[in-house]
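What follows is a predicted protein model with its sequence.
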Amino acid sequence: MRYHDITKDDMRNGDGLRVVLWVAGCEHCCRDCHNPITWDPEGGLLFDEDAKKEIFAQLDQKYIAGLTFSGGDPLHPANRPAVRALAREVKERYPDKTVWLYTGALWEDIWQFPVMRYVDVCVDGEFEAQTKDVKLLWKGSKNQRVIDVPATLRKKRPEEPVLYCGDYAVDFDEGPTDVGRAACEG
Ligand code: SF4
């Protein structure tokens, strides 16, 4: 697997302060993609032991809520084995921290992927420029879904996603993190 960046103290890609791994490789080619430089699976840097240590050093910090996989697409065929292995290792080493995963694929096509055993929240679907709204919670366009993966996988019909939260925070001006939880629980 290759990657472009590891960002720290990120508040925009999941609950709490997070470390985010931006992987290389995406076949979705969404119009107005925010990150087309990540489409090439041969781009960026090799994800090696040093990169993994950089992520674990962040997860060692109490205030870091977890790891988010973004890109690019973590479920691009070139990334799946390494993403699965890293998600599994994170869950084993840091059982109290959460794993979020952004993908351009649809939940109906990926819910059976083994990596989902180690994912708490999956944001699915391609970015649709025509339904873009900067106030959406944890996603870029209205068609995307923020999915509670463990709750969905416990259902009789796991191909039907259980949403982790609604489209918008109750009061976006207060910031998405805490109010996002309130919106989900309300
Ligand atoms: S899935 Fe994400 S990274 Fe891939 S083209 Fe669409 S917006 Fe860009």
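Everything's here; your move. Residues are numbered from 1 along each chain as shown.

which other helices and strands contact the particular helix or strand that has residue 21 in it?
In this structure, residue 21 sits in strand 17-23 according to DSSP states H and E. The helices and strands touching strand 17-23, judged by 3 or more CB pairs under 8 Å, 6 or more residues apart in numbering; DSSP states H and E, are strand 2-10, helix 49-59, strand 64-70. Backbone N, C-alpha and C define where each C-beta goes, glycine included.

strands paired with it, and their directions?
Take DSSP bridges as the rule and strand 17-23 pairs in its sheet with strand 2-10 (antiparallel), strand 64-70 (parallel).

Just say which of the helices and strands packed on strand 17-23 is most tucked in.
Counting by mean count of other CB atoms under 10 Å, strand 64-70 has the highest mean neighbour count of the helices and strands packed on strand 17-23, with a mean of 24.

what about it, near the ligand?
No - using CB under 6 Å from any ligand atom, we find that strand 64-70 stays clear of the ligand, coming within 8.0 Å at best.

Output that strand in CSV with nothing but the alpha carbons.
Taking Å, rounded to 0.1, in the frame of the first residue of the first chain, the C-alpha atoms of strand 64-70 are listed here in CSV:
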residue,chain,number,x,y,z
ILE,A,64,-6.5,10.8,20.2
ALA,A,65,-9.9,9.1,19.6
GLY,A,66,-8.8,6.8,16.9
LEU,A,67,-7.7,6.3,13.3
THR,A,68,-9.5,7.3,10.1
PHE,A,69,-8.7,5.7,6.7
SER,A,70,-9.3,8.1,3.9
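
send the alpha carbons of the very next helix or strand once past that strand over as CSV?
Scanning forward in sequence from strand 64-70 by DSSP H and E, the next helix or strand is helix 80-93. Provided in CSV are the C-alpha atoms of helix 80-93 (Å, rounded to 0.1, in the frame of the first residue of the first chain):
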residue,chain,number,x,y,z
ARG,A,80,-7.5,-3.8,0.9
PRO,A,81,-5.0,-6.3,2.5
ALA,A,82,-2.9,-3.7,4.2
VAL,A,83,-5.9,-1.7,5.4
ARG,A,84,-7.4,-4.8,6.8
ALA,A,85,-4.2,-5.7,8.6
LEU,A,86,-3.7,-2.3,10.0
ALA,A,87,-7.3,-1.9,11.1
ARG,A,88,-7.1,-5.3,12.9
GLU,A,89,-3.8,-4.3,14.6
VAL,A,90,-5.2,-1.0,15.8
LYS,A,91,-8.3,-2.7,17.2
GLU,A,92,-6.1,-5.3,19.0
ARG,A,93,-3.7,-2.7,20.4
